[in-house]
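S.K.: Any chance you could fold what I've pasted below:
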Amino acid sequence: MSAQTLAEKLISKNHMGINIASVTIGVGILTFPRTLAKATGAFDGWISIVISGAVAFLIGWLLAKLAARFPRQSFFEYTSLIASKPVGYVLTILICIYTMLFVSFEVRAIGTIAKQYLFYNTPVEMITLSFLLVVQYAVAGSRVALLRLNLLFMPVVLYVIVVVLVFAQPLVEIENVRPYFSSSWKALLQGSKDVGLSYSGFEIILFYTMLMKRPEEAGKSVFLGLLIPVVLYMTIYVFVIAVFSAEVAKNLTFPTIELAKEVEVPGGFFERVESIFFTIWIMTIFNTSAMWLDITVLNLTSMFKKVGKMVWILILSPIIYFIAMLPQNLIDFFSFGDKLTYFGLIIVYLIPICLLIIAFFRGVKGNG
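M.R.: Have a look, this model is predicted:
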């Protein structure tokens with residue numbers, strides 16, 4: 001492959017930042033105002049968003065430093081260099097389990113929420129299967145093309161969210177945000193932990209840094225990729241509390257969708273704004289699911305080079321669908337998401353940071 005052809009297949013710092021923002025803005029954007037309102041019980045939840053965002057920035061920067069030490073190498077390859085090949089196999093397989101479970105969670109979210117708000121009479125099994133087939137088709141194509149799809153979708157997603165918030169302004173009641181600074185530090189830290197689960201996604205920097213033109217700029221990509229969700233989450237939370245109040249937000253399953261349902265466009269041009277919002281949200285879930293499945297396949301093919309990409313997709317898809325159908329109700333579904341995120345705290349945060357420390361003290365680096 002010529003240098004020019006390789007450069008065309010690589011992505012820039014800003015592009016990687018958009019990818020991180022896209023994969024982070026997933027199911028969490030619909031539910032975090034509820035969990036945050038329960039933890040803080042007040043408008044002060046925005047402080048928790050800032051605190052958890054700062055922690056996410058720090059962890060993301062450390063993960064970027066690890067991946068940047070081994071440019072053009074996969075997670076399995078540089079893990080094997082740091083901690084031996086057997087350990088590399090074990091850690092990479094654990095990563096594959098985590099990312100596969102994440103795909104199951106995302107596609108089930110589409111099925112559950114689409115049935116509740118759009119397809120009332122369609123079985124959730126068929127909605128989930130249809131979405132999974134589309135994700136499967138996307139992953140079967142070019143990896144870089146899949147990542148570049150975020151450049152097309154993200155501006156549309158942000159534009160529609162901004163429009164919804166603009167038209168929600170007449171519904172704001174100042175009394176709902178009072179009193180200010182009434183939450184204890186304990187409540188704010190609990191809120192930070194809860195909303196921190198909604199930042200899952202920036203760990204893709206561990207796997208996609210090798211596709212960057214300048215891997216040493218991975219840390220800047222993480223900063224850009226997390227800045228967008230932090231600002232977005234703060235804005236959405238402020239509007240949800242200002243429109244519904246903290247007491248009401250605690251009892252809404254999907255507060256962000258409910259906010260879109262309350263919006264009325266002057267002149268009656270759109271009667272159901274939440275349908276438009278939900279449509280663009282499906283775009284973000286599509287990108288998120290496709291990237292997680294692609295990362296699963298990427299890691300498996302890096303370990304088992306003789307097995308083709310399409311073979312892994314066909315093997316993984318039935319497993320993903322079966323796992324996605326296991327939760328029987330919303331309680332099971334949210335419990336599945338919480339357990340998955342705590343599993344991820346160990347697999348994609350704690351262990352890679354330990355690998356970075358080992359690599360630093362041992363002086364292990366990859367070939368640029």
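
S.K.: now the closest residue to Thr235 other than its chain neighbours: how far from Glu262?
M.R.: Computed as CB to CB, 6 or more residues apart in numbering, the closest residue to Thr235 that is not its neighbour in sequence is Leu165, at 6.4 Å. Heads up, the C-betas are built off the backbone N, CA and C, glycines and all. As judged by CB to CB, to the nearest Å, Leu165 and Glu262 stand 12 Å apart.

S.K.: which one of these two has more residues nearby?
M.R.: More neighbours surround Leu165 than the other of Leu165 and Glu262, with 17 against 14 (other CB atoms under 10 Å).

S.K.: Would you check that that one makes contact with Val238?
M.R.: No - because the distance of 9.2 Å does not satisfy CB atoms under 8 Å, Leu165 is recorded as not touching Val238.

S.K.: what are the ranges of the helices in the stretch 1-150 of the chain?
M.R.: 3-9, 13-24, 28-40, 45-68, 75-83, 85-117, 124-139, 143-168 (DSSP state H, counting those that start in this stretch).

S.K.: Would you reformat the ones you listed as CSV and include mean pLDDT and distance to Ser221?
M.R.: Putting the helices of the stretch 1-150 of the chain into CSV (pLDDT from 0 to 100; distance: least, CB to CB, whole Å) gives the following:
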stretch, mean pLDDT, distance to Ser221
helix 3-9, 47, 17
helix 13-24, 88, 4
helix 28-40, 79, 20
helix 45-68, 89, 7
helix 75-83, 89, 17
helix 85-117, 89, 19
helix 124-139, 90, 22
helix 143-168, 83, 12
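
S.K.: which stretch among those helices comes nearest Ile276?
M.R.: Ranking these by their distance to Ile276 (criterion: CB to CB) puts helix 143-168 first, at 6.1 Å.

S.K.: what's near enough to touch Ala67?
M.R.: With contact taken as CB atoms under 8 Å, 6 or more residues apart in numbering, Ala67 is in contact with Phe75, Tyr78, Ile205, Leu206, Phe207, Thr209, Met210, Pro215, Ala218.

S.K.: what's the closest of these to Val307?
M.R.: Using CB to CB, Phe75 is the member of those that sits closest to Val307, with 17.1 Å.

S.K.: count of neighbours near that closest one?
M.R.: Per other CB under 10 Å, the neighbour tally for Phe75 reads 27.

S.K.: is it true that it touches Tyr89?
M.R.: No - contact criterion CB under 8 Å: Phe75 and Tyr89 do not qualify, at 11.4 Å.

S.K.: how distant is the host helix or strand of Thr288 from the center of its chain?
M.R.: Element membership of Thr288, judged by DSSP states H and E, is helix 273-303. Centroid displacement of helix 273-303 relative to its chain, using CA atoms, centre = their mean, to the nearest Å, is 9 Å.
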